[in-house]
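[1] below are the sequence and a predicted model; questions follow.
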Amino acid sequence: MALLPANIPRIGPAAQRHVVSPERDQAKFHLLSAEAIDSNDVDDYCRAAETFEAGRSRTAGSAGKTVALLFFQPSTRTRIGFEAAVAALGATAIGVDDMSAVSRSNARSGETLEDCAAVVSRFSDAIVVRHHEIGAAARMAAKSLKPVINAGDGWNEHPTQALVDIFALRRGLGSLRDKSIALGGDPRGRTVRSLALLLRYEAPREIVFCPPSYYDIPRDVLALFGERGIRCRLVTDISHALAECDAIMMAPYDMSDIGEAAGSDYVSPKSTPDSHTITPEKIERVGSKALLFHPMPRHDEIDPACDDLPNAMYFEQVRLSKFMRMAVLDRFLSVS
Ligand code: CP
């Protein structure tokens, strides 16, 4: 495994594991980690998402409920996707455009995430939170009266995105069993960790990582596949993944905005190396049939000229995300 050179520091060890371990009885009441989702849950969520896609909307468990959307970090897909899902379920979304601008959950004024959750859970039936801090959703869950759904906590996890990714991969490939799945981008990102937790149930033939030489793959992510006997290998050029894999779940190579800004030792590579960008020319050169997915937002790792190729699944993935988020909300609102 390549080691990080001195000028690109490794992110802290805390980012490589779950800092806050939810208690067992909390694990199913909230959605903090994809670790709490088992293979039956994945099937149930996908089935429910399909029924919403087919036109089911208001449900007895969700209609008339209130969902608080607390986004302390920027978001397009997750924020708007949850809002669209709330509306389609006949529920109401509350929150503000930029929690970090109005919240007093900071050191200066002293209001904590725990107090924020205690307050907001008295106005709502579920809380969806995104925050730059690892463990932020778990901290809120500790004081929330209502289910807390983690919409991304720093470098840690993004479990609803993982459900979306599995739903989209299944849609593209039919089944992931015995398939070769590549994971592009920075392998330390939160979408990768959550996706790995669910991908291990899908029995792929292999997982192919495509990191530039200066990124290590987190040991906990590798262990998830190793424990299930799923082979992991590295390629040093994305063309190998295009030629050899059934699907590529791309991700940005620059994730400088994912974690806590102050105090972060993450050094951005700024741009994707040429060897790791996907272009129509590379796809054509190897005759690639690999389906291309991406949780997005993308930077420069997939050329927009790929968007109209049959390989491109990433906007379909976005379309499907609304139905998966309806499935997630419906499950948690039904018990709140
Ligand atoms: N995939 C994802 O989390 O996108 P947003 O940051 O736009 O929510």
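    Nice, thanks for sending it over. Numbers count the residues shown, from 1 in each chain.
[2] can you classify residue 232 as helix, strand or coil?
    strand (DSSP: H, G, I helix; E, B strand; the rest coil).
[3] any idea how far residue 278 is from it?
    Distance, residue 232 to residue 278, by C-beta to C-beta, to the nearest Å: 21 Å. Bear in mind the C-beta positions are built from the backbone N, C-alpha and C, glycine included.
[4] same drill for these two, tell me which one is more crowded.
    It is residue 278, of residue 232 and residue 278, that has more neighbours when counted by other C-beta atoms under 10 Å, with 29 against 17.
[5] you'd agree that one is up against residue 250?
    Yes. The pair residue 278 / residue 250 is scored as a contact, 6.7 Å apart, by C-beta atoms under 8 Å.
[6] so which bits of this structure are right by the ligand?
    Neighbours of the ligand within the chain, by C-beta under 6 Å from any ligand atom: 75, 76, 77, 78, 79, 152, 158, 161, 295, 296, 297.
[7] put the buried members of those residues into a PyMOL selection.
    With 16 or more other C-beta atoms under 10 Å as the criterion, this PyMOL line picks the buried residues out of these:
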select buried, resi 75+77+78+79+152+158+161+295+296
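[8] can you put the residues of the chain next to the ligand in a markdown table and add pLDDT and secondary structure?
    Converted to a markdown table, the residues of the chain next to the ligand look like this (pLDDT from 0 to 100; DSSP: H, G, I helix; E, B strand; the rest coil):
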| residue | pLDDT | secondary structure |
| --- | --- | --- |
| 75 | 94 | coil |
| 76 | 95 | coil |
| 77 | 96 | helix |
| 78 | 97 | helix |
| 79 | 97 | helix |
| 152 | 97 | strand |
| 158 | 98 | coil |
| 161 | 98 | helix |
| 295 | 97 | coil |
| 296 | 96 | coil |
| 297 | 94 | coil |
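[9] so which elements touch the longest helix along the chain?
    Longest helix of the chain, by residue count under DSSP state H: helix 314-333. If contacts are counted by 3 or more C-beta pairs under 8 Å, 6 or more residues apart in numbering; DSSP states H and E, helix 314-333 sits against helix 39-53, helix 77-88, strand 126-131, strand 148-153, helix 159-173, strand 291-293.
[10] what average pLDDT does that helix get?
    Here helix 314-333 scores 98 as its mean pLDDT.
[11] so how far is that helix off the chain centroid?
    12 Å (C-alpha atoms, centre = their mean, to the nearest Å).
[12] over to stretch 241-261?
    Computed by C-alpha atoms, centre = their mean, the chain-centroid distance of stretch 241-261 equals 11 Å.
[13] give the buried residues for that stretch.
    Neighbour counts over stretch 241-261 (16+ other C-beta under 10 Å) mark 241-255, 258-260 as buried.
[14] ok, now stretch 78-91?
    Within stretch 78-91, the residues that qualify as buried are 78, 79, 81, 82, 83, 84, 85, 86, 88, 89, 91, counting by 16+ other C-beta under 10 Å.
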